[in-house]
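Chemist: A structural model of the following input is requested.
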Amino acid sequence: AACAPPTDSQPAEAVPGQELTLLLEASRKRVVGLLIDLGHEEDILKQQEKEVRRLEALQQDLEMQASQIESAGSLTPSMPQDQGETSLPLSLEDLKQYVGLAKELRLRVADLESALAIRQEEAAALTDQLRRRYQRVGGSFRAERQRLQ
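Modeler: All right, here's what the predicted structure looks like:
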């Protein structure tokens, strides 16, 4: 990087050193910003992971209920019911709705899993990038991350 020529009051080595100090401070600020962004991304990933697990459990429950309906041909006590309903067999339309819902949930789970995988890759790439930057400046990535949390 080009610098202004040293003045009579500044030695020739002082200007580049000051510039390096400013560049190092700016780099550290960027790293702090990236660490904060990484923390936010990790929080989002945790929320998405919880949602994926919840939807997978719901999907399994619905699939189990659908198989019970297919094998028994009637509504089982484990099936969710509206308060006004009795334990009469489900109509064909009700079964179609349950099967359709299971398919929709399966697709939603697959979408969330792929989004989660993408976010995990992004988080890993950001973490690697931050580690490399800290190694270049001689800092401790873990110490800085713990200091920010």
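
Chemist: Which elements pack onto the longest helix seen in the chain?
Modeler: Using DSSP state H, we find that the single longest helix of the chain is helix 14-72. Judged by 3 or more Cβ pairs under 8 Å, 6 or more residues apart in numbering; DSSP states H and E, helix 14-72 is in contact with helix 92-137, helix 141-148. Every residue, glycine included, has its C-beta placed from N, CA and C.

Chemist: could you give the angle of that helix to helix 92-137?
Modeler: Counting by axes from the mean of the first three to the mean of the last three Cα atoms, to 10 degrees, helix 14-72 points 160 degrees away from the direction of helix 92-137.

Chemist: which residues of the chain score low on pLDDT?
Modeler: Residues of the chain meeting the criterion pLDDT under 70: 1-15, 72-88, 138-146, 149.

Chemist: Swap in 50 and give it another go.
Modeler: Where the chain drops to pLDDT under 50, the residues are 1-2, 8-12, 74-79, 81, 83-84.

Chemist: Taking the centroid of it, which residue is nearest it?
Modeler: Leu45 (1.9 Å; Cα atoms, centre = their mean).

Chemist: Give me the secondary structure label for Leu90.
Modeler: Assigned by DSSP: H, G, I helix; E, B strand; the rest coil, the conformation of Leu90 is coil.

Chemist: thought it was touching Val99?
Modeler: No: counting by Cβ atoms under 8 Å, Leu90 does not reach Val99; the two are 10.7 Å apart.

Chemist: who has more neighbours, these two?
Modeler: Leu90 (18 against 15; other Cβ atoms under 10 Å).

Chemist: With Gln65 as the reference, measure out to the more buried one.
Modeler: Between Leu90 and Gln65 the computed distance is 10 Å (Cβ to Cβ, to the nearest Å).

Chemist: Kind regards, and thank you for your time.
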